[in-house]
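In: Provide a 3D model corresponding to the input given below.
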Amino acid sequence: TAAESGIVWASDSRRIAYVSRRDGVPKLFLYDFGSQEEKRLTDGIGADVSPRFSPDGTQLAYARDGRDIRVIDLESGSDRRLATGQLWRYPFVPSNPLQWSPDGSWIAYFTSDQRMFTNVWLVPSAGGTPHAASGLANGSAGSIAWSPDGETLFFDTQHRTQTGQIAAVDLVPKTPVFREDRFAELFETPDEPDGETEEPTTSTGGGDGTSLTPVFDNIRRRLTLLSIGVDVGSIALSPDGKTLVFNANAEGRPNLYAYSVDRETTGPRVTRQITSTPGFKSTPQFTKNGEEIFYLESGQIRIANVESGNTRNLSVTAELDVDFDRQKVEAFEEGWSHLRDHFYDPDFHGQNWDVVRETFEPYIRGAATRDQYSRLMNMMVGELNASHLGHRVNGNSGPTHGVLGLRFDRVEYETSGHLRVTRILPLGPAAIAGSVSVGDYLLSVNGAPTGSGMNIDQVMANTRGDRVTISFSTDPTGSNAREVAVQPISIGNERQLEYRDWVETNRSYVDRESGGRLGYVHMPSMSFSSLLQLYTDLDADNHDKDGVVVDMRNNNGGFVNSYALDVFARRGYMTMQTRGYPEANARTMLGQRSLELGTVLVVNRHTLSDGEDFTEGYRSLQLGQIVGEPTAGWIIYTWGLQLVDGSNFRMPRSTIRGAAGDVMERSPRPVDVEVLRPMGESYSGRDLQLDAAVRVLLNGN
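Out: Have a look, this model is predicted:
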C-alpha cells in the first residue's frame, strides 16, 4: 500500500512512468505493458516527481527534491542534472510544470524567484545554460503547453483573487497580436481584412522536424495575455496546436472551455464553453486526433467532443482490496513525513518529531476503526501545539434535515413539551410564509403532532426545498389552529440568515449609540465571498457617515486581508465633477473602492488567521485604533492534502511575520483599548466593545 501518482504515457503507448512512495520517499518507476515488468528508475533520499518522456521515448525528465531538473537515459540509466531553481515540492505538484519541446532539444519548466513570482525557464536537454522565457509578477502557474512547431509556449498564470489568464510566448520573433488588435476585431465586417496574415519575420526551424533555437533577446517583449474572460486553471493544447482547452470558473461553476490559438483564424476569437455540468473538472487531455478530450469529473472519467460539447462516461471497472491495517499505517507515515518536510517551523515548536512518530505508531497500528485512527492522527499533530492543523476522515456530510427559521421557548418545552415560538428569523421560511407570530405554538409538521419525545429534526428530514405544512395556534390546545405552507431551508442557509440578522442588529446598535453619525460593517471571514459582501455592506449609507466601525470579531480567516485593507487605507487626492452633477470622490467615480473615512477596528480572541493579518496591517498602516481584546495568535499560511486513504490533512507551511519582524503564530495581535465582554452580556442587549469603538471613533479615547 503506497501513494502513487504522476502517471505519464510514452509516445509508443507501451510504457508508463509514475511516482511511487512505497519506500517512504517518492521515486520514479517504469512499467512496460509488453513485458509486464516494472523497473525502478531513481534512488536516494530526495523526492522525485513530475516524470515526462522525451518525444522519442528514450529519455525521462523529472524534478528532484524541489531543486533540480534532471534527465534519465532509459537505455543506459545515466542520470544527469540540467538546471537548479526553486521548484515545486512533493506532494504540492502542479498539473503540468515540465514539458519537452516537440523536437526534444529543450525542456521548459516553472521556477520561482526570491519574490515568489513563478515563471517559465528553458534549458537545453543536452545540457547548457537555462534562460528565462517569461517575467510576470504572478503568484502561481501550473501547466505548460508547447505548440507542435515549437515556436510558441502557452502557460496559465494566476494571482490569487485575480482572474487566471493564459500567457503566450513567441520563442522566435513574430509580429505580435496585441489586445488592441483583438478589440479592433470586434468591429470588423466579414468583408474587411482581419490583419492576421503575418508570417514570422524570423524562424529557426521546428515545424519540419529540425531543431528549434529560441531567440532569448527581448523574449519578454514577445509575451501576450490571451483575452479569455474566465478564471483559467490548467491548460491543454490540441495536437494540431490550434485549440487550447482549459478548466475555468465562471459564475461559480467549474467547466471546460476552448479557445482558438490558430494564427490563421479570421474574425474575433471567443472563449467557447464545452461542458455545463456542476461537478469539478480537472486534468483535461486531448485524444490523438484532437477531436475529443478526456477529463475527470467528481472522480469519474468523462469524454467530451470539443466541437459539439457532447459528453459521455468512460466506463472503468476495477477491483481494489483495501487492507485497513496496512492502509492506516501508510497514511500515518505519509502525514507524518509531510509535516516533517513542510511544517513551517523546522524545529517543530521544540518537539522531537522522530520521537513523536515512535510514540504514536504503535497506537495507530492498534486502531480498530477509522474514527480511532483519525483521533490518533489529530493527537499526533496536537503535539506541535500549532494552529491550522488537523485530520478529517471523509464521509460525514452533516445534517440533511430542513429548518423553519424559528426559535422556541426551551423552558416551556422541557416542562410541558410545548413548542412556543420566541423568535422568527427575518427572511426565514416562517417569516416569508407569514401568518406566524411570536407566542404561537407549533402543533404539527406535515400532520405529525409535536410534543414531548417528538424529534422535530427527524420529522423534517430531507425536506429542504419541499412544500411542508405546519400547524400553529395561539394556545397549546389548538383551539384556533391554522395551517401554513412553508419551504424549509438547510441549516447552513439558516445560519447565514442568523448571521446577517446579527450584522443588521449591530449596525442599528452603532447607529443608535452614535446618534446616527457612524456606520458599521462586519467580516465573518477573509474569503473572497466575504470581501464581496464587504463591498456590498459599505453601501451609500455608510459612505454618508462621519466614520465606520469595522468589526473583525469571530473572523475565522482566509486570504484577502490586503484587498480588504485597501478599501480603508486608500486616501483621496482629487475630486471630479460632471457638469450639472455634484462634486464627488474621484477614486469612486473611476471605479476604485475607497471609503476615505475615519474607522476603528474591533477584534476579539476569536479573530483568527487572516483576520489577524488584517489587524496587523490596520495597525502598521496607522488606519485607526484597535478596540476589544488581543486576537487568537493562530497565524500560519496553510495548504490542504489528501492522504492515500482519501482522508484530508492540513499542512501549515508558511511563516507569517509582522511589521516588526516577529513570528505571528502563537503571538496574538494587541489592541489599543482593551475591553472584555462579561459573560452573558449578549442577553442584556449591550455590547461594551461596540460602545468603546463608538466612543473612540467619535471622541478619540
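
In: count the neighbours of residue 156 for me.
Out: Counted by other Cβ atoms under 10 Å, the residues lying close to residue 156 total 27. No exception for glycine: its C-beta is placed from N, CA and C like everyone else's.

In: what's the helix or strand that contains it packed up against?
Out: Residue 156 is located in strand 152-157, with elements delineated by DSSP states H and E. In terms of contact count using 3 or more Cβ pairs under 8 Å, 6 or more residues apart in numbering; DSSP states H and E, strand 152-157 is assigned the packing partners strand 118-124, strand 144-146, strand 165-170, strand 231-237.

In: hmm, 10 Å instead?
Out: Packing contacts for strand 152-157, counted by 3 or more Cβ pairs under 10 Å, 6 or more residues apart in numbering; DSSP states H and E, involve strand 98-100, strand 106-112, strand 118-124, strand 144-146, strand 165-170, strand 223-225, strand 231-237, strand 243-250.

In: would you turn the ones you listed into CSV with distance to residue 47?
Out: As requested, these are exported to CSV (distance: least, Cβ to Cβ, whole Å):
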stretch, distance to residue 47
strand 98-100, 14
strand 106-112, 16
strand 118-124, 19
strand 144-146, 20
strand 165-170, 28
strand 223-225, 31
strand 231-237, 21
strand 243-250, 26
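
In: so where do the helices sit in the stretch 51-200 of the chain?
Out: Remark: helices assigned in the stretch 51-200 of the chain by DSSP state H, counting those that start in this stretch are 179-185.

In: rewinding a little: chain center to the strand holding residue 156: distance?
Out: Centroid displacement of strand 152-157 relative to its chain, using Cα atoms, centre = their mean, to the nearest Å, is 21 Å.

In: what's the answer for stretch 129-146, then?
Out: A distance of 21 Å separates the centroid of the chain from that of stretch 129-146, by Cα atoms, centre = their mean.

In: now do it: distance from first to last residue.
Out: 20 Å (Cα to Cα, to the nearest Å).

In: now swap in stretch 651-659 and tell me
Out: Taking Cα to Cα as the measure, stretch 651-659 stretches 24 Å from start to finish.

In: can you give me the buried ones in that stretch?
Out: Of the residues in stretch 651-659, those buried under the neighbour-count criterion (16 or more other Cβ atoms under 10 Å) are 651-653, 656, 658.

In: and it, average pLDDT?
Out: What stretch 651-659 shows for mean pLDDT is 95.

In: in contact with the residue with the largest distance to the centre of the chain, which residues?
Out: Within the chain, the residue lying farthest from the chain centre (Cα atoms, centre = their mean) is residue 479, at 54.7 Å. Applying Cβ atoms under 10 Å, 6 or more residues apart in numbering, we find residue 479 in contact with residue 473.

In: ok, residue 623 to residue 571 distance?
Out: Residue 623 sits 10 Å away from residue 571, taking Cβ to Cβ, to the nearest Å as the criterion.

In: could you do residue 273 as well?
Out: Between residue 273 and residue 571 the distance, using Cβ to Cβ, works out to 42 Å.

In: what about the helices in this structure?
Out: Under the criterion DSSP state H, the chain carries helices at the ranges 179-185, 324-342, 353-366, 370-382, 410-416, 429-433, 456-459, 491-513, 528-537, 540-543, 561-569, 586-589, 610-620, 688-699.

In: give me the pLDDT for the residue lying closest to residue 420 once chain neighbours are set aside.
Out: Closest residue in space to residue 420, ignoring its immediate chain neighbours: residue 409 at 4.4 Å, by Cβ to Cβ, 6 or more residues apart in numbering. As summarised for this prediction, residue 409 has a pLDDT of 93.

In: can you report phi and psi for residue 409?
Out: When read as degrees, to the nearest 10, the backbone of residue 409 gives phi -80, psi 110.

In: spatially nearest residue to the residue positioned nearest the centre of the chain, not counting backbone neighbours?
Out: Most central residue of the chain, judged by C-alpha distance to the mean C-alpha position with Cα atoms, centre = their mean, is residue 160 at 8.3 Å. Leaving aside its sequence neighbours, residue 160 sits nearest to residue 139 (Cβ to Cβ, 6+ apart; 5.4 Å).

In: for that neighbour, what are its contacts?
Out: By Cβ under 10 Å, 6+ apart, the contact list for residue 139 reads 112, 116-118, 157-162.

In: ok, the residue nearest to residue 637 when sequence neighbours are not counted to residue 545 distance?
Out: With Cβ to Cβ, 6+ apart as the measure, residue 654 is the residue that lies nearest to residue 637, at 3.5 Å, once sequence neighbours are left out. Applying Cβ to Cβ, the value for residue 654 to residue 545 is 37 Å.

In: does residue 558 touch residue 534 like I think?
Out: No: Residue 558 is beyond contact range of residue 534, at 11.7 Å (criterion: Cβ atoms under 10 Å).

In: now list whatever residues contact both of these two.
Out: Taking Cβ under 10 Å, 6+ apart as the contact criterion, the residues that touch both residue 558 and residue 534 are 523, 526, 564.

In: just give me the closest of those to residue 500.
Out: residue 523 (12.8 Å; Cβ to Cβ).

In: just give the closest residue to the closest one, not the sequence neighbours.
Out: Residue 523's closest residue in space is residue 530 (Cβ to Cβ, 6+ apart), at 5.1 Å.

In: same deal with residue 115?
Out: Nearest residue to residue 115, sequence neighbours excluded (Cβ to Cβ, 6+ apart): residue 137, at 7.7 Å.
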